[in-house]
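1. Using only what follows, build the 3D model:
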Amino acid sequence: MPAAADVLAPHRVTEHGDPRGPVLLLAHGFGGGQAAWSRLLPHFPDHRVITFDHLGSGSTDVSQFDHERHATLTGYAEDVLDVCAALGPVDVTFVGHSVSSMIGLLAAVAEPERFASLVLVAPSPRYVDDPATDYVGGFSQEDVTELLASLDSNYYAWSAAMAPVVMGTPQSPELGGELTESFLGTHPDAARTFAGAIFLSDSRAVLPHVSAPVLVLQCRHDALAPEAVGEATADALPAGELVRLEATGHCPHISAPAETSAAIYRFLGALEARRAGGGSAFPPGRTGG
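-> A predicted model of the protein is given here:
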C-alpha cells in the first residue's frame with residue numbers, strides 16, 4: 001500500500017467545508033478536473049467535501065498517467081480506492097459525474113465497507129445500444145467508432161464541437177464555452193485512452209452487486225445519457241433511487257448546482273432518517289423528482 005502522501009499529492013486531493021462533517025468524495029467526469037465542482041461546493045458547507053483529479057486530468061502530471069492501467073475503468077476504480085485508503089477509516093458518500101459514476105460503483109463492489117452511499121450524476125453503464133437485450137444506450141457501435149476516430153484525429157477540434165453538446169444548455173452558451181476550455185486542458189494522449197475506456201465499456205453486470213444505497217440523478221435532454229439509461233441504471237441497482245431533474249444536458253452540477261445539491265440533501269436526509277428509525281436502504285425501484 002503506497003504512503004498517503006504518495007497517493008493524495010498526485011491526485012491533487014483537496015478538502016473543503018467542515019472537517020467534522022459527513023464526508024462527500026466528489027469525482028469528476030471526462031475532460032474535466034475537480035474545478036468542475038466549484039459551483040456545487042458552496043452548497044455543502046456542513047460537509048467535509050473531498051475533491052481530486054483523475055490521473056491524466058485536471059492539474060495532474062500527465063507523466064504519471066498509466067495507459068495500460070487506465071485503459072479500463074477498473075484502473076480508475078483502483079485509484080479511487082487508493083485515495084479512500086489514504087484518507088483513513090471514513091465512510092464516504094461518493095458523488096460521481098458521468099463516467100465516474102461507474103468508477104464509483106466498481107470501487108464500491110470491490111470494497112463495500114468504504115462507502116456509505118453513492119450519488120450518480122448523469123450515469124451510463126453502457127453507451128452502445130444492445131439490441132439483444134433491448135438496452136438503449138443512445139449510441140450505435142458505428143457512432144462510437146466515429147466519435148473515437150474524430151477524437152483521435154484532432155482532439156482540439158473535437159473538444160470545441162463536443163463540449164457544448166455535452167453541456168446541453170443552449171440558453172447559457174457560456175457554460176459550453178467553459179466546458180470546452182476544460183476539455184482543452186486535458187492532455188490529448190490521456191484523453192484518448194480515457195475516452196476508449198468510457199465509450200467501449202459495459203458496466204451493467206456490476207450494478208446488481210452494489211449493496212449501498214444509490215441516488216441516480218437524470219437530466220432532461222442529455223445527449224450522452226438519455227432517460228432510458230437512467231431508468232435502467234436505477235432499476236438494476238438493489239437499492240437505487242431515480243430522481244429526474246429539471247436541468248438539461250449532462251452536467252447539472254455546473255448548470256443547476258442548487259437543484260443538484262437539493263436532490264443530494266433529500267437523499268442523504270432520507271437515508272439518515274431511515275437509519276435512525278432502524279430502517280435499511282431504499283427499496284428497489286424507488287423513483288422521484
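
2. Could you list the low-confidence segments of the stretch 1-150 of the chain?
-> Within the stretch 1-150 of the chain, the segments meeting pLDDT under 70 span 1.

3. any idea how far Ala236 is from Ala160?
-> 35 Å (Cβ to Cβ, to the nearest Å). Any C-beta I mention is one placed from the backbone N, CA and C, and that applies to glycine too.

4. cool, and Pro238?
-> From Pro238 across to Ala160, the span is 41 Å (Cβ to Cβ).

5. Burial check on Asp46, number of neighbours?
-> Number of residues near Asp46 (other Cβ atoms under 10 Å) recorded here: 12.

6. got a list of what it touches?
-> 17-18, 21 (Cβ atoms under 8 Å, 6 or more residues apart in numbering).

7. Buried ones from the residues you listed, can you make that a ChimeraX selection?
-> With 16 or more other Cβ atoms under 10 Å as the criterion, this ChimeraX line picks the buried residues out of these:
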select :17
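
8. would you turn the contacts of Asp46 into a markdown table with distance to His253?
-> Formatted as a markdown table, those follow (distance: Cβ to Cβ, whole Å):
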| residue | distance to His253 |
| --- | --- |
| Gly17 | 15 |
| Asp18 | 20 |
| Gly21 | 19 |
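
9. ok, the contacts of Asp46 vs Val83, which is closest?
-> Proximity of the contacts of Asp46 to Val83 (Cβ to Cβ) peaks at Gly17, which lies at 17.2 Å.

10. wait, doesn't the closest one sit right on Val49?
-> Yes - assessed by Cβ atoms under 8 Å, Gly17 is found in contact with Val49 at 4.6 Å.

11. shared neighbours of those two, anything?
-> Common neighbours of Gly17 and Val49 (Cβ under 8 Å, 6+ apart) are Leu41.

12. tell me the contacts of the nearest residue to Met102 once chain neighbours are set aside?
-> Among residues not flanking Met102 along the chain, Ser203 sits closest, at 4.4 Å (Cβ to Cβ, 6 or more residues apart in numbering). The contact partners of Ser203, taken as Cβ under 8 Å, 6+ apart, are 73, 102, 105-106, 125-126.

13. For Arg244, see how far away Ser203 is.
-> 21 Å.

14. again with Asp129
-> Counting by Cβ to Cβ, the gap from Asp129 to Arg244 is 22 Å.

15. what's the answer for Ile264, then?
-> In terms of Cβ to Cβ, Ile264 sits 14 Å off from Arg244.

16. Neighbour count for these two, which is higher?
-> Between Ile264 and Arg244, counted using other Cβ under 10 Å, the more crowded position is Ile264 (24 against 17).

17. does that one sit in a helix, a strand or a coil?
-> helix (DSSP: H, G, I helix; E, B strand; the rest coil).

18. quick one: contacts for the nearest residue to it once chain neighbours are set aside?
-> Take Ile264 and drop its neighbours on the chain: the residue closest to it by Cβ to Cβ, 6+ apart is Val119, 5.6 Å away. Contact analysis of Val119 by Cβ under 8 Å, 6+ apart lists 93-96, 214-215, 217, 264, 267.

19. Just put the residues you listed in CSV and tack on secondary structure.
-> Output for those, formatted as CSV (three-state DSSP):
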residue, secondary structure
Thr93, strand
Phe94, strand
Val95, strand
Gly96, strand
Val214, strand
Leu215, strand
Leu217, strand
Ile264, helix
Phe267, helix
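
20. just curious, which of these is nearest to His43?
-> For those, the nearest to His43 is Ile264 (8.4 Å; Cβ to Cβ).

21. doesn't Val95 make contact with the closest one?
-> Yes - taking contacts as Cβ under 8 Å, Ile264 lies within contact range of Val95: 7.0 Å.

22. Give me the longest strand you can find in the protein.
-> strand 240-248 (DSSP state E).
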